[in-house]
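Enquirer: Here's a sequence, model it:
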Amino acid sequence: MEKKTPLYECHLAAGGKIVPFAGYLLPVQYPAGVIAEHNAVRAACGLFDVSHMGELLVEGTDALAWLNEVLTNDFTSLAVGRVRYSPMCYPDGGVVDDLLVYKLAEEKYLIVVNAANREKDVEWLRNQLHGAVSLRDISDEVAQLALQGPASDAILASLLPAEQIPAKYYSFTAPVTVAGVECLLSQTGYTGSKGYELYCRAADAPALWNALLAAGEPHGLIPCGLGSRDTLRLEAAMPLYGHEMDETITPWEAGLDFGVKTAKNFIGRDAIVAKGRPRERIGLQVTGRGIVREHQDIYFNGKRIGHSTSGTHCPWLNGAYAMALVESGVVQEGDTVEADVRGRRVACLVVPMPFYKR
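Expert: So this is what the prediction gives:
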């Protein structure tokens, strides 16, 4: 049975179309529609409920050493108030999940994991625990809201002092009070637009949601659902677990080299290095008629070279785009490939990623 986030009643009140997703009942869209929500995030601002994401608290004198062991990125230089992205791998180099690490204090970290992987991640991490480090799943105690779009700065500035708004990407301030609600406020997001994410107590989420919508109304803020969240992240060529990466795909194949530091030892390191890069993630602009979705075979000069991992119509760019996992070195930017869409070959141009840059 699906769970409800603390904002479930707010979604119903706003006319959200509710669907099951990652074990939760969440709005896929609101009456304005996916295209309007997508374009609002690019031109003004959108507000998302991402309370289904998982939050884990890691503490202890061995916390840093342990994180460096279980995650592919290096957290040695991570300062308090900063955020860092990392894949997490199995010994064979496949990806368990990709996540964010917030350094709350010396020896204290917040890990944010994908909703669908929360239980799997917790079990995996608990099985790796050793030394002076503790892990606590606080997901049910925390709500997370994403305020995304160029107007997010102005909206937040109307609610709290400018010096309390994190000035750098992948940084945060905590605690701050937003409309009477104590929050952790980070300059992060999954849309490709400038934006922020706010973490608060689950019970405070409806008050924060309503206050943000009220403050944002003069700036064009609208509530947004899962549909536009997916089109936005694809337009920004952001990978999604279960699509661009999974237990059979290494971070190098997924194009996540920046989050893999092989100078240190971590679970999966040797396998990732040994496997190398037999496949690579590429960007495709659909030039033929149709939309390329996931799991569609990609051909070059008549030979199958891989498959699409995600694809959709991107409203802001007004065109269809896709990402694909293909044999390394076979194609380059400017080449034309074909996607098999229900038995029909659709032409696509290999293009650089991200498709959208702010």
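Enquirer: Quickly find the element holding residue 230.
Expert: helix 226-235 (DSSP states H and E).
Enquirer: again, but for residue 185
Expert: strand 181-186.
Enquirer: which of the residues in that strand are buried?
Expert: 181, 183, 184, 185, 186 (16 or more other CB atoms under 10 Å). For glycine as for every other residue, the C-beta is placed from the backbone atoms N, C-alpha and C.
Enquirer: So the third one sits against residue 171, correct?
Expert: So that's residue 184. No - using CB atoms under 8 Å, residue 184 makes no contact with residue 171, being 11.3 Å away.
Enquirer: Neighbours of residue 301, how many?
Expert: 11 (other CB atoms under 10 Å).
Enquirer: residue ranges of the strands in the stretch 201-350 of the chain, please?
Expert: Secondary structure of the stretch 201-350 of the chain by DSSP state E, counting those that start in this stretch: the strands cover 221-224, 279-286, 297-300, 303-314, 319-327, 336-341, 344-351.
Enquirer: Deepest-packed of those, please.
Expert: strand 221-224 (a mean of 25; mean count of other CB atoms under 10 Å).
Enquirer: tell me what that one is packed against?
Expert: Applying 3 or more CB pairs under 8 Å, 6 or more residues apart in numbering; DSSP states H and E, one finds that strand 221-224 contacts helix 34-43, strand 45-49, helix 205-216.
Enquirer: Now with 10 Å, please.
Expert: strand 24-29, helix 34-43, strand 45-49, strand 142-148, helix 152-157, helix 205-216 (3 or more CB pairs under 10 Å, 6 or more residues apart in numbering; DSSP states H and E).
Enquirer: Residue 312 is nearest to which of these?
Expert: For those, proximity to residue 312 was assessed by CB to CB; helix 34-43 is nearest, at 9.7 Å.
Enquirer: Tell me how far the closest one lies from the chain's centre.
Expert: 18 Å (CA atoms, centre = their mean, to the nearest Å).
Enquirer: Could you measure from residue 253 over to residue 164?
Expert: As for residue 253, its distance to residue 164 is 40 Å (criterion: CB to CB, to the nearest Å).
Enquirer: before we move on, the earlier item: quick one, the strand holding residue 185 and strand 142-148 angle?
Expert: Orientation check (axes from the mean of the first three to the mean of the last three CA atoms, to 10 degrees): strand 181-186 against strand 142-148 gives 60 degrees.
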